[in-house]
Structures are given as C-alpha cells and as structure tokens.
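Novice: can you look at this prediction? I've put the sequence above it.
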Amino acid sequence: MLVVLLFAGSAICAQTTINGMVKDHNNAPIPYCSMGIKNSRTAGLADQNGVYKLVIPDSLLEKEIIFSSVGYVEKSVSIGKLKVSGKVVLDEKVATLNQVVISGTKLKEKVIGQQKRPMLTFSKMFDKNMPSIEQGNIFELFTQTRLKSYSFFIIPSSKFKQITLRLNIYKVNGNIPSEPLLQENILFSTSTTGWQRIDLSGYKLSYNNLDKLAITLQLVAHSALGDTAFVFGLSAKKSLSKNLLFRYQSQGNWETNEGTFISNLEVAYNQEGKNSTTVNKEDQPEENLETQMLASVIKHRAKAQKTIFGRNKSGKHIDVDSAKLYYEEYGKGEPLILLHGNGGSISDFYQQIPYLSKYFRVIALDTRGQGRSTDLSKLPYSYQQFATDLFQLTKVLKLAQINILGWSDGGNTGLIFNYTYPQMVGKLAIIGANLNPNGVKDQIIEGFKKQVEDNTNGDLRLIKLMLSQPNIRPSELAMISNRVLVIAGSDDVIKQEHTISIGKLIKDATVTFIPNSTHYIPFEQRDQLNKIVLEFMKTK
C-alpha cells in the first residue's frame with residue numbers, strides 16, 4: 001500500500017509525482033515515516049514498508065521535503081534530489097539510554113482524564129486521505145509520573161474493518177506540543193469501536209518534574225468494510241479550555257480548539273509528600289528550566305561541601321600566566337583530567353572522583369578564577385586561555401598524553417585543547433558542551449543578559465564569557481582524529497540539534513542523550529554517567 005502525499009488546491013494544478021523509500025543505514029525500511037513541506041498542508045506518510053509516493057504541486061518544487069520518524073533524526077531533502085533518487089536514509093537518534101525508572105518510594109495509582117462517556121458528545125473525524133493528521137489532548141502530570149496505559153473512545157458510528165493508529169507523546173510549551181519524547185513507534189490496531197486501551201507499561205515511560213504531556217493519535221493504516229464507506233472518529237466533549245489539539249502534518253502548526261477528547265491516562269505517581277489528590281497546577285507558579293537546575297545545583301553542592309573534594313590537604317597549586325591553578329590527584333593509571341563547568345569547582349565531581357579513581361589517575365582542576373584557583377588579571381576570560389592553562393599543567397606534571405572529561409565550560413575547553421594540542425589527547429568525553437552561544441537555549445541566554453544588565457558592580461566575566469564564546473569552527477573540529485564521546489541531557493540547556501551537530505562534525509564521535517536529566521548530569525545521573533564514561537575510556 002502506498003500512502004500519497006496530498007496537497008490542498010485545485011485538481012487542475014500542475015503537479016510532480018515522486019516515488020521512493022525511506023530506510024535506515026542498515027538498509028531496513030522505516031515504517032510510517034512522516035513527510036511534509038514546512039508551513040503547508042502538503043504532507044503524508046510512508047507505508048509500513050517505508051514506501052512512499054509524493055504528489056507535489058509544481059508551485060512548491062523549490063521547497064524541501066522534511067522526513068521525520070520516531071527514533072530518527074529529521075532530514076530535509078530538496079525535491080530536485082528526490083526526482084533523481086527517491087531513496088531517503090535517516091540517521092538514528094543516539095539517545096541510547098532508557099527512561100529513568102522512578103524508584104525509592106511506593107507509587108500511588110490514578111486515572112487522569114475522562115473515565116466515562118457523557119450523554120452529550122461530538123465527534124472529531126479522521127480523513128483517510130490525510131494520514132498525516134494528528135489529534136490529541138494535553139494531560140497534567142504529577143511530580144513523578146509513570147505511564148501505564150492510554151484509553152480513548154471511538155465513536156460507534158465508525159465503519160472500518162481494521163485501523164492502525166500511532167500514538168505520539170510530546171512535551172508542552174505554551175499549551176502546545178513541542179519536543180517529541182518517544183524513541184520508538186507505539187502502534188495500536190483495532191477492529192472495534194467504543195473504549196480502546198493502549199498498554200504502555202512495556203515502554204517504561206517515566207517522567208520527572210514534567211508538568212504536562214501532549215498525547216496525539218495518527219491514522220497510519222486502515223482497511224474498509226467491503227463496499228461500506230470508511231468512517232473513523234473519536235468522541236469529544238465541550239469544555240471551556242482549549243484542550244483539543246490538531247495539525248495537518250508534522251511540519252505544520254498546531255491548532256487548539258475548545259473541548260477535550262474522551263480519553264484518559266492510567267499512571268503510577270509520586271507527588272513528593274504534597275497533599276494533592278488531583279493534578280491541578282493552575283494555582284501554582286510554573287517551574288521553568290532555570291528553577292529546576294538551580295534547585296539541583298544547590299542540593300548537590302551542599303552535599304559536595306561535606307566531602308574532601310576541592311579542599312583536600314594534599315591539593316597543590318601551580319603558577320601560570322597571571323594565575324595560580326589548584327588541582328587534586330586521586331588514584332593510579334592513565335591520566336584523566338576533570339574540567340568543571342562555569343562557576344564550579346573540583347567538588348562538582350564529588351560523585352565521579354571516587355568511582356573513576358579506581359581505574360585512572362584522576363587529576364581534577366579548578367579553572368582560573370574559580371574554586372581555589374586565582375586570577376590576578378582583569379582581562380576577559382576565554383576558553384582558549386583555559387586550554388592554555390591546562391597545557392601548562394600537563395607540562396608541570398610531565399604528562400605526555402591525557403584523557404579528558406569536560407563538563408559544560410570544561411567540555412568547551414576540552415574541545416579547544418583537543419584540536420590545539422591533538423597529539424596530547426587520548427580520549428575526550430564532553431558533557432553539555434557548545435560550539436557557540438547560539439547552541440544554548442534562548443531562555444538561558446536571555447537570563448544571562450539580564451544578569452549583566454542588572455549588575456553594575458560584580459565581576460561578570462564568567463557570564464560574559466558564555467554570552468560571547470566559544471566560537472569553535474567546523475574546520476577546527478575536523479582536525480580532531482582521536483575518539484570523542486559527546487553527552488547531553490534530554491532537558492539540557494544545550495539545544496539537541498546543536499549537540500548532534502558536534503557529533504557529526506567530529507570524525508567517528510559517539511553522541512549519547514541521557515533521559516530525565518538537565519545540564520547537570522554529573523549531579524542527577526551519577527551511576528549512568530560513570531558507567532558510560534568508564535566504558536568509553538576503557539574501550540580500545
């Protein structure tokens with residue numbers, strides 16, 4: 001079965017037809033891949049075998065078709081190239097780890113949403129000729145939520161032999177879906193009407209500190225009942241809130257309408273001791289990304305203060321240009337340098353040093369002007385200066401070659417050190433690094449700008465550093481030939497597409513996204529991070 005990419009317009013409009021197939025790098029077909037032209041209603045899906053047929057108005061031939069599928073990196077292809085070869089190969093997303101499982105407390109259970117079909121309802125219909133259409137709802141969550149099932153109601157007047165639906169799950173930003181959260185297709189087939197239940201327990205979908213989810217359905221395959229016209233719709237009810245979500249295709253804009261689908265989520269949850277029996281956050285201030293990260297930093301740095309890391313009596317200083325650098329050493333073996341983030345110190349690695357020092361000679365460094373390192377100059381900070389400082393440390397310690405684990409600013413420094421002194425680096429692992437300020441989410445950059453505007457007396461060199469640097473060029477990353485591991489959190493302040501681009505620009509780099517984590521992975525995902533870094537550093 002071929003699924004045709006349709007377009008709105010006159011039947012006499014000139015058009016071009018393209019046939020092809022969507023595959024992965026193993027030459028396996030990618031089923032039900034979405035495709036479309038941005039800001040248009042031109043859209044469609046490949047079939048279950050990855051085969052597609054595109055019928056495109058000639059007025060859009062200068063545009064690009066965007067191919068997107070769950071678990072794969074979105075790809076734009078010019079229509080000109082598709083006319084030469086319709087084969088499209090998508091890269092797998094490299095979020096290789098499973099969702100974090102909620103543990104450490106007994107979870108309660110609850111059904112969120114509509115559990116009964118009221119007397120007065122209306123229908124939201126699906127068009128068999130527009131399989132790219134998505135419709136769904138927004139659900140409010142608890143502090144910790146595990147999805148067990150999703151249920152919805154197919155109107156009794158529907159007529160079909162069988163339908164196959166794809167369930168999609170998104171983060172919510174401004175009451176519309178934003179980032180997709182699934183790493184694999186969730187497909188559901190039925191031949192009945194009325195209540196339907198999709199069992200989600202096997203997908204291990206757990207979310208922490210996520211206020212809302214958007215869940216939508218797409219009709220990806222269908223078969224009709226003999227000569228009976230195909231009809232398929234979902235039940236909805238009127239409400240004052242605009243909770244009905246709709247869009248024509250994956251590259252289109254979301255629309256919201258008054259009402260809500262007759263649907264519900266069965267969840268296991270923890271509300272962290274809050275006296276709440278319902279999910280109602282309208283009276284609570286929304287917790288933004290910066291607030292979440294600040295809470296995480298305060299908690300973990302308080303714990304770090306109780307350790308010896310960053311204040312060990314055996315720690316030492318070395319003199320470099322206009323500064324004294326403080327460092328500590330732990331363990332034996334190959335040298336592994338730890339570089340912390342902006343405004344941090346050695347103690348930020350309090351959960352990594354005990355583990356990694358069992359396998360390496362860990363050398364943890366306070367960057368100049370931070371921790372116990374000093375800076376006597378008044379010059380602006382630069383990552384190139386930090387890389388030069390690290391080089392001076394290797395000379396003092398007589399290290400011919402080092403491995404590096406750099407977090408945030410430390411990752412930026414690690415990249416610059418790597419291409420500046422390529423012969424000195426064995427392996428490099430970076431966490432939440434960026435090539436330029438455009439790689440940081442806009443809300444974080446705006447926060448930095450406000451700090452600079454509101455502060456007239458303090459030393460803002462560290463904040464200004466992040467607003468103006470780094471400025472790493474693709475040609476510089478191309479100079480790196482050693483093995484590199486690029487790590488970021490699923491909710492990192494570094495844009496996901498930016499992290500992916502770093503991996504693509506470095507030959508043979510590996511990219512890993514760690515679910516349910518922000519920019520503070522060493523704090524939030526200690527065990528997963530430690531194992532990933534050890535495995536990478538030990539692999540020949």
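Specialist: Ah, there it is.
Novice: show me the helices in the stretch 201-350 of the chain, by range?
Specialist: Along the stretch 201-350 of the chain, the segments classed as helices by DSSP state H, counting those that start in this stretch run 289-304.
Novice: so where's it shaky on pLDDT?
Specialist: Of all residues in the stretch 201-350 of the chain, those with pLDDT under 70 make up the ranges 240, 272-296.
Novice: where do the strands of it begin and end?
Specialist: All strands of the stretch 201-350 of the chain, identified by DSSP state E, counting those that start in this stretch, fall at 206-208, 212-223, 233-237, 244-247, 255-257, 260-261, 263-270, 316-320, 323-330, 335-339.
Novice: can you tell me what sits against the shortest one?
Specialist: Applying CB atoms under 8 Å, 6 or more residues apart in numbering, the set of residues contacting strand 260-261 from outside is 113-114, 124, 135-137, 152-153, 234-237, 239, 241, 243-244. For every residue, glycine as well, the C-beta is placed using N, CA and C.
Novice: kindly report the same for the fourth one.
Specialist: Outside of strand 244-247, the residues within contact range by CB under 8 Å, 6+ apart are 124, 133-138, 176-177, 214, 216, 236, 253-261.
Novice: want to throw the strands of the stretch 201-350 of the chain into JSON lines with mean neighbour count and distance to Ser347?
Specialist: Listed next are the strands of the stretch 201-350 of the chain as JSON lines, based on neighbours: other CB atoms under 10 Å; distance: least, CB to CB, whole Å:
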{"stretch": "strand 206-208", "mean neighbour count": "23", "distance to Ser347": "25"}
{"stretch": "strand 212-223", "mean neighbour count": "21", "distance to Ser347": "35"}
{"stretch": "strand 233-237", "mean neighbour count": "21", "distance to Ser347": "53"}
{"stretch": "strand 244-247", "mean neighbour count": "20", "distance to Ser347": "45"}
{"stretch": "strand 255-257", "mean neighbour count": "13", "distance to Ser347": "46"}
{"stretch": "strand 260-261", "mean neighbour count": "22", "distance to Ser347": "49"}
{"stretch": "strand 263-270", "mean neighbour count": "22", "distance to Ser347": "29"}
{"stretch": "strand 316-320", "mean neighbour count": "15", "distance to Ser347": "16"}
{"stretch": "strand 323-330", "mean neighbour count": "20", "distance to Ser347": "10"}
{"stretch": "strand 335-339", "mean neighbour count": "25", "distance to Ser347": "11"}
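Novice: can you put those in JSON lines and add distance to Asp409?
Specialist: Rendered in JSON lines, the data for the strands of the stretch 201-350 of the chain read as follows (distance: least, CB to CB, whole Å):
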{"stretch": "strand 206-208", "distance to Asp409": "26"}
{"stretch": "strand 212-223", "distance to Asp409": "32"}
{"stretch": "strand 233-237", "distance to Asp409": "49"}
{"stretch": "strand 244-247", "distance to Asp409": "39"}
{"stretch": "strand 255-257", "distance to Asp409": "40"}
{"stretch": "strand 260-261", "distance to Asp409": "45"}
{"stretch": "strand 263-270", "distance to Asp409": "34"}
{"stretch": "strand 316-320", "distance to Asp409": "17"}
{"stretch": "strand 323-330", "distance to Asp409": "15"}
{"stretch": "strand 335-339", "distance to Asp409": "8"}
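Novice: the ones you listed: which one's closest to Asn26?
Specialist: strand 212-223 (22.1 Å; CB to CB).
Novice: and the closest one, what other elements does it pack with?
Specialist: Contacts defined by 3 or more CB pairs under 8 Å, 6 or more residues apart in numbering; DSSP states H and E place strand 212-223 against strand 134-140, strand 162-173, strand 176-180, strand 263-270.
Novice: can you list the strands that it pairs with?
Specialist: Listed by DSSP bridges, the sheet partners of strand 212-223 and their directions read strand 134-140 (antiparallel), strand 162-173 (antiparallel).
Novice: for these, which one sits closest to Glu329?
Specialist: Closest approach to Glu329 among these is made by strand 162-173 (42.0 Å; CB to CB).
Novice: neighbouring contacts of that closest one?
Specialist: Under the criterion CB under 8 Å, 6+ apart, residues 32, 70, 134, 136, 138, 150, 177-182, 185-191, 198, 205, 210-223, 232 lie in contact with strand 162-173.
Novice: below-threshold pLDDT in this protein: ranges please.
Specialist: Confidence mapping of the chain against pLDDT under 70 gives the ranges 1-13, 94-105, 119-120, 240, 272-296, 455-458.
Novice: if we can go back for a sec, so which of the strands of the stretch 201-350 of the chain comes closest to Asp24?
Specialist: Going through the strands of the stretch 201-350 of the chain one by one, with CB to CB as the measure, strand 212-223 comes closest at 18.1 Å.
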